[in-house]
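> next input, structure requested:
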Amino acid sequence: MSNILPLGPLPRLIGHRGAARHAPENTLSSIRMAATQGAKWVEVDVKLTADLVPVLMHDDDLDRTTDGKGPAKNLTLDALRQLDAGSWFSPAFRGEKVPTLVEVIQLVLALNLGLNLEIKPCPGREEETAGVALTLAYSLWPDDRPPPLVSSFADASLDMARQVVPRWPLGYLIDRRPANWRQRVEQLNVSTINVNARREDAASIREYKSTGRPVLAYTVNTVPMAREVLGWGVSSVFTDTPSGLMEIAG
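Take a look at the predicted model:
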């Protein structure tokens, strides 16, 4: 087994895109909400603008989470900042902006939160997104804080992450398990295996854990499901509603 890079203490709950059931996902308000609800870590999704600024956004297109249209990668930061990223969720969040990675890291540090940075590249920008975003994140992150956990579904992004931040922990994201998952886990020397809770069971979790790595499961929004998944041996669950799962936070 490879020498797995150390990871700070994992909480039972990680706020998914902040607290995505209670505030517009991947915004500063959502991160604040997660902290208010008791989350100790948050997960966010990082993309690049047309002028290579890392920002938070999940989808390749703007339509679902802003009042813009079309591919996110076509807009500069200035154009993106003109969009409303809150009204789609609730009028209470009207005027919410798409945040930059700089703003997010500053807020996470101020709130004393752990961070899972998911590299979510637009098609064709897998290496570029990881390279730009992680170079910036590394320059901002203090040496005396446990580094972020970096994850991605994109193999090329994880390969680039291993080059750019060789001492930061990586999370191997799985939706439908590929045949070569064990090879990639070892090749990348990841620190966690992050899986879709709805596609797994106790036996598959045991198989992942046999690699010596903790397993994290997404996205779990009810107490019964959280209890079941944690009972399989999962270390942490990603949730849209930290307050709804606080009773199992441990």
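
> please, where are all the helices along the protein?
Secondary structure of the chain, counting by DSSP state H: helices at 28-36, 77-80, 101-110, 126-140, 155-164, 181-188, 202-209, 223-231.

> residues contacting the closest residue to Glu96 other than its chain neighbours?
In this structure, Glu96 finds its nearest non-sequential neighbour in Gly86, 2.9 Å apart by Cβ to Cβ, 6 or more residues apart in numbering. C-beta coordinates here come from the backbone N, C-alpha and C atoms, glycine included. By Cβ atoms under 8 Å, 6 or more residues apart in numbering, the contact set of Gly86 is Pro24, Thr27, Ser29, Ala92, Phe93, Arg94, Gly95, Glu96.

> next, format those residues as CSV and append distance to Ala50, neighbour count and pLDDT.
Converted to CSV, the contacts of Gly86 look like this (distance: Cβ to Cβ, whole Å; neighbours: other Cβ atoms under 10 Å; pLDDT from 0 to 100):
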residue, distance to Ala50, neighbour count, pLDDT
Pro24, 22, 26, 99
Thr27, 20, 27, 99
Ser29, 25, 21, 99
Ala92, 30, 11, 98
Phe93, 25, 17, 99
Arg94, 25, 13, 98
Gly95, 23, 8, 98
Glu96, 21, 23, 99
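
> can you lay out these as CSV showing distance to Leu107?
Shown next, in CSV, are the contacts of Gly86 (distance: Cβ to Cβ, whole Å):
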residue, distance to Leu107
Pro24, 15
Thr27, 10
Ser29, 10
Ala92, 19
Phe93, 16
Arg94, 20
Gly95, 17
Glu96, 13
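
> ranking the helices of the chain by burial, who's on top?
Across those, averaging neighbours per residue (mean count of other Cβ atoms under 10 Å) puts helix 28-36 on top, at a mean of 23.

> put the alpha carbons of that one into CSV.
Extracted in CSV, the C-alpha atoms of helix 28-36 (Å, rounded to 0.1, in the frame of the first residue of the first chain):
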residue,chain,number,x,y,z
LEU,A,28,-21.2,32.8,0.3
SER,A,29,-24.6,32.7,1.9
SER,A,30,-24.8,29.0,1.6
ILE,A,31,-21.4,28.5,3.2
ARG,A,32,-22.4,30.9,6.1
MET,A,33,-25.7,28.9,6.5
ALA,A,34,-23.8,25.6,6.7
ALA,A,35,-21.6,27.1,9.5
THR,A,36,-24.6,28.5,11.3
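
> now the angle from that helix to helix 101-110?
20 degrees (axes from the mean of the first three to the mean of the last three Cα atoms, to 10 degrees).

> what's next to helix 28-36, contact-wise?
With Cβ under 8 Å, 6+ apart as the test, helix 28-36 has contacts from 15, 17-20, 22-24, 42, 44, 86, 93, 96-97, 99, 103-104, 107-108, 111, 113, 242.
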